[in-house]
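Trainee: okay, here's the prediction I keep looking at, along with the sequence it came from:
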Amino acid sequence: MKRVRKWLFPIATLSVAGMLVAGCGSNTSSTNNSQNTSSSSQQPKDGGTLTVSTFSDIVTVNPLFIEDDSSGDASQFIYANIYDVDRNGNVVAQPWSLADGAPQISNNGLTYTIKLKPNAKWSDGQPVTAEDVVWTIQTAMNPDTGSVLMSNFDHVKDIKALDDHTVQIDLKSVYAPFLVNLNIPALPSHILKNVPVKQLQKNAYGTDPSQTVTDGPWKWTKWVQKQYLQFDKDPNYWGPAPHIQTIVYKIYADQNTEVQALLKGDVDLDEAVPTTQLAAVQARKNITIINQPGPQFEYLGFNFQASNFPGNFDPFTSEKTRQAIAYALDRDSMVKDILKGVGNPINSPFLLPPVGWTGADDKATHYDYDVNKAKQLLQEDGWTPGPDGILQKDGHKFSFTLLYNTGNSRREQVAAVIQQELQAVGIQATPKGMDFSSLVANNLNPGKFQAVLMGQVLTPDPDVTQLFSSKDFPPNGENMFWYKDSKVDDLLEKAVSTLDKTQRAQYYQQVAEELSQNLPVVFLYQYGLPMAYSSRVHWADADKPEASLQYGYFYHIQNWWLD
């Protein structure tokens with residue numbers, strides 16, 4: 001399911017997701033809280049500058065190494081994907097996709113043959129060819145590259161160009177999520193093929209606009225670090241020409257500063273308005289708010305590597321203790337008070353669309369808020385109150401540090417609530433906010449932390465191998481918890497090894513049962529990111545933003561226009 005690391009980064013974060021949330025049922029708050037709408041039957045206009053806000057600068061726009069929201073945002077403007085995802089979570093070839101139609105898939109599910117559009121070209125005028133796709137995937141597969149896309153292609157046996165515009169990919173075995181993993185850009189092999197793969201991450205491509213050749217509707221023309229990036233319409237773009245002339249991606253100090261810029265009219269798009277500021281934004285008649293539960297969820301994650309704790313004593317090793325923590329947290333109140341009702345408590349990663357078709361969340365163990373039950377389980381597990389009221393076992397206090405990224409007001413509030421509610425059952429959790437890039441490099445990537453408040457973005461495929469399989473331990477995998485369960489490993493492997501959706505659903509139902517009992521993480525809630533647009537931004541109804549997709553705030557942006 002991995003397009004890039006899908007931890008929810010500074011704003012939310014990371015792979016394209018999903019199905020429509022509108023059909024999720026009565027438990028989902030799915031309302032468009034807007035005073036006006038930017039949908040329009042008027043004829044589009046060409047020109048103008050769209051200003052988009054963020055509170056985090058990019059790292060690189062080289063898709064092989066993108067690990068954060070801001071870099072992912074920027075890539076949306078400058079690349080064409082091999083395949084795209086439509087509003088309903090289907091992998092499709094759009095007019096702006098590199099693929100010229102659906103792939104041919106062999107009867108045994110092992111061979112994918114992809115035709116590319118013959119007119120696609122790079123911003124330097126060179127054609128986009130099958131060799132570009134081959135080079136991109138081969139380079140992503142190479143461990144020496146260190147690409148976050150590597151696990152997308154674990155199952156690839158061979159890839160080759162049959163001609164200038166035809167790619168054939170042979171798999172080692174059936175791999176159900178493979179088509180979703182082709183929702184990625186290609187890279188220009190004529191620019192990068194002579195760069196040693198170990199040097200690609202430090203190469204100027206992706207960090208220097210003048211050295212970054214791309215194939216999307218806009219070209220990257222300027223980067224003033226910590227201030228803004230600029231993207232200008234490519235007059236030689238091969239696909240449907242965008243209406244907007246220039247996009248400015250402007251960097252602010254934090255989310256609250258972003259909101260002030262939006263209210264003053266300095267910004268046209270704020271992709272994640274903090275709930276604490278939502279009422280002030282909703283009061284403005286010249287701003288459209290789209291506020292629905294999205295494809296992302298958050299969790300309290302435990303670390304199972306004892307070396308991360310003093311005396312090598314990991315307080316989370318017992319399943320009963322982890323279940324007690326789940327009972328101690330009032331997730332309904334988190335949704336009501338912090339998410340302002342736009343979200344749902346969850347008990348597994350298989351929630352609603354885009355992966356609700358599995359029915360797996362219905363099989364999960366549900367944990368209602370129950371302080372007495374939490375205390376009972378902790379007592380049964382051998383925890384006893386110390387002189388200061390903090391639980392202890394074998395001479396060790398039940399005390400740990402809870403990491404989260406600074407600048408995210410939602411997580412700051414949730415971390416404080418977790419601290420308070422665990423204190424009520426005798427557990428001392430100390431929240432610690434960190435700069436996101438430092439958190440990723442020093443803690444998440446190497447799996448060096450005690451507990452973390454983080455999140456995940458769902459893709460149209462329910463595979464969660466990268467998050468919970470023991471083959472995905474750090475530093476290359478996302479299982480930063482060092483969690484190992486042979487039953488989960490086996491079920492996840494079986495689930496991706498069949499194309500039968502009914503059979504896959506049954507496997508994921510068993511995964512949900514196991515994860516919700518074993519609790520490598522406490523699943524908290526699915527949530528939405530209120531998306532705000534100034535009234536000068538317009539789209540046809542078919543091109544309106546889609547809250548259920550990770551980058552849905554830019555959905556079909558090439559078709560939008562400005563007053």
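Mentor: Received it, and whenever you're ready, just let me know what you need.
Trainee: which regions of the stretch 301-450 of the chain sit below the pLDDT cut-off?
Mentor: Low-confidence regions of the stretch 301-450 of the chain, defined by pLDDT under 70, span residues 352-354.
Trainee: how about 50 then?
Mentor: Nowhere does the stretch 301-450 of the chain drop to pLDDT under 50.
Trainee: mind listing the strands for it?
Mentor: 343-345, 384-385, 391-393, 396-397, 399-405, 428-434 (DSSP state E, counting those that start in this stretch).
Trainee: report the angle between the last one and strand 399-405.
Mentor: Interaxial angle, strand 428-434 versus strand 399-405 (axes from the mean of the first three to the mean of the last three Cα atoms, to 10 degrees): 30 degrees.
Trainee: tell me how far strand 428-434 lies from the chain's centre.
Mentor: Mean C-alpha position of strand 428-434 versus that of the full chain (Cα atoms, centre = their mean, to the nearest Å) differs by 23 Å.
Trainee: what packs against it?
Mentor: strand 399-405, helix 409-423 (3 or more Cβ pairs under 8 Å, 6 or more residues apart in numbering; DSSP states H and E). Bear in mind the C-beta positions are built from the backbone N, C-alpha and C, glycine included.
Trainee: surely Tyr551 is in contact with Ala74?
Mentor: No - taking contacts as Cβ atoms under 8 Å, Tyr551 lies outside contact range of Ala74: 10.8 Å.
Trainee: and these two? which has more neighbours close in?
Mentor: The neighbour comparison of Tyr551 against Ala74 (other Cβ atoms under 10 Å) goes to Ala74, with 26 against 21.
Trainee: so how far is the helix or strand harbouring that one off the chain centroid?
Mentor: Using DSSP states H and E, the element containing Ala74 is helix 69-78. Centroid separation between helix 69-78 and its chain, computed with Cα atoms, centre = their mean, is 13 Å.
Trainee: what comes into contact with it?
Mentor: With contacts defined as Cβ atoms under 8 Å, 6 or more residues apart in numbering, helix 69-78 is touched by 4, 9-14, 52, 54, 56-61, 63, 66, 185, 212, 214, 216-220, 229, 231, 247, 249, 251, 271, 550-551, 554, 557.
Trainee: which strands and helices sit next to the helix or strand following it?
Mentor: Using DSSP H and E, the next helix or strand after helix 69-78 towards the C-terminus is strand 84-85. Packing partners of strand 84-85 (3+ Cβ pairs under 8 Å, 6+ apart): strand 91-92.
Trainee: who does the strand it packs on pair up with?
Mentor: Paired strands of strand 91-92, with direction, are strand 84-85 (antiparallel) (DSSP bridges).
Trainee: just how off-centre is the partner strand within its chain?
Mentor: 15 Å.
Trainee: repeat for stretch 295-302
Mentor: 11 Å.
Trainee: ok, stretch 337-347 next?
Mentor: The mean C-alpha position of stretch 337-347 is separated from the chain mean by 18 Å, Cα atoms, centre = their mean.
Trainee: any idea which element Ile137 lies in?
Mentor: Using DSSP H and E, Ile137 falls in helix 130-141.
Trainee: still on that earlier bit, nearest to Leu519, of the strands of the stretch 301-450 of the chain?
Mentor: Of all the strands of the stretch 301-450 of the chain, strand 343-345 sits nearest to Leu519, with 14.5 Å by Cβ to Cβ.
Trainee: the strands of the stretch 301-450 of the chain: which one's closest to Leu110?
Mentor: strand 343-345 (38.0 Å).
Trainee: so who does Ile58 touch?
Mentor: 68, 70-71, 73-74, 223, 229, 249.
Trainee: also Gln305?
Mentor: Counted by Cβ under 8 Å, 6+ apart, Gln305 has contacts 314, 447, 482.
Trainee: can you check Pro188 too?
Mentor: Counting by Cβ under 8 Å, 6+ apart, Pro188 has contacts 122, 124, 126, 128, 132, 213-215.
Trainee: what of Tyr83?
Mentor: With Cβ under 8 Å, 6+ apart, Tyr83 has these contacts: 91-93, 97-99, 179, 182-183.
Trainee: return the set of buried residues in the strand or helix carrying Leu50.
Mentor: Secondary-structure assignment from DSSP H and E places Leu50 in strand 49-54. The neighbour-count check on strand 49-54 (16 or more other Cβ atoms under 10 Å) flags 50-54 as buried.
Trainee: now the angle from it to helix 69-78?
Mentor: Using the same axes, to 10 degrees: strand 49-54 against helix 69-78 is 160 degrees.
Trainee: tell me the average confidence for strand 49-54?
Mentor: The average pLDDT within strand 49-54 is 97.
Trainee: now what about it, what contacts it?
Mentor: 11, 69-70, 73, 244-252, 258, 261-262, 266-271, 537, 560, 562.
Trainee: quick one: the strands in the stretch 451-563 of the chain?
Mentor: Counting by DSSP E, counting those that start in this stretch, the strands of the stretch 451-563 of the chain are 451-457, 521-527, 531-534, 537-538, 561-562.
Trainee: of these, which approaches Asp154 most closely?
Mentor: So among those, strand 451-457 is nearest, using Cβ to Cβ, at 19.2 Å.
Trainee: tell me the mean pLDDT for that closest one?
Mentor: 92.
Trainee: distance from it to the middle of the chain?
Mentor: 11 Å.
Trainee: run the angle between that strand and helix 69-78 for me.
Mentor: Going by the same axes, to 10 degrees, strand 451-457 makes 20 degrees with helix 69-78.
Trainee: helices or strands next to strand 451-457 in the packing?
Mentor: By 3+ Cβ pairs under 8 Å, 6+ apart, strand 451-457 packs against strand 296-302, strand 399-405, helix 409-423.
Trainee: are we agreed that Asn107 is in a strand?
Mentor: No - counting by DSSP: H, G, I helix; E, B strand; the rest coil, Asn107 is located in no strand; its state is coil.
Trainee: quick one: residues contacting it.
Mentor: Contacts of Asn107 (Cβ under 8 Å, 6+ apart): none.
Trainee: okay, it and Val174: tell me how far apart.
Mentor: 11 Å (Cβ to Cβ, to the nearest Å).
Trainee: residue boundaries of the helices in the stretch 101-250 of the chain?
Mentor: Remark: helices assigned in the stretch 101-250 of the chain by DSSP state H, counting those that start in this stretch are 130-141, 189-192.
Trainee: which of those sits closest to Gln277?
Mentor: helix 130-141 (38.7 Å).
Trainee: how far does the closest one sit from the chain's center?
Mentor: That offset, for helix 130-141, works out to 23 Å (Cα atoms, centre = their mean).
Trainee: that helix packs against which elements?
Mentor: Secondary elements touching helix 130-141 (3+ Cβ pairs under 8 Å, 6+ apart): strand 156-163, strand 166-171, helix 189-192.
Trainee: deepest-packed of the ones you listed, please.
Mentor: Mean neighbour count (mean count of other Cβ atoms under 10 Å) peaks for strand 166-171 among these, with a mean of 20.
Trainee: what's the burial count for His366?
Mentor: 12.
Trainee: hang on, I meant Ala279
Mentor: Neighbours of Ala279 (other Cβ under 10 Å): 10.
Trainee: pretty sure it sits in a helix.
Mentor: Yes - applying three-state DSSP, one finds Ala279 inside a helix.
Trainee: hey, what's the spatially closest residue to Tyr79 that is not a sequence neighbour bridged with?
Mentor: Spatially, and ignoring its direct neighbours in sequence, Tyr79 is nearest to Pro185 (3.6 Å; Cβ to Cβ, 6 or more residues apart in numbering). Assessed by DSSP bridges, Pro185 has beta-bridge partners Asn81.
Trainee: can you check Lys432 too?
Mentor: Applying DSSP bridges, one finds that Lys432 bridges with Leu403.
Trainee: who touches it in this structure?
Mentor: Lys432 neighbours (Cβ under 8 Å, 6+ apart): 401-404.
Trainee: one more time with 7 Å
Mentor: 401-403 (Cβ atoms under 7 Å, 6 or more residues apart in numbering).
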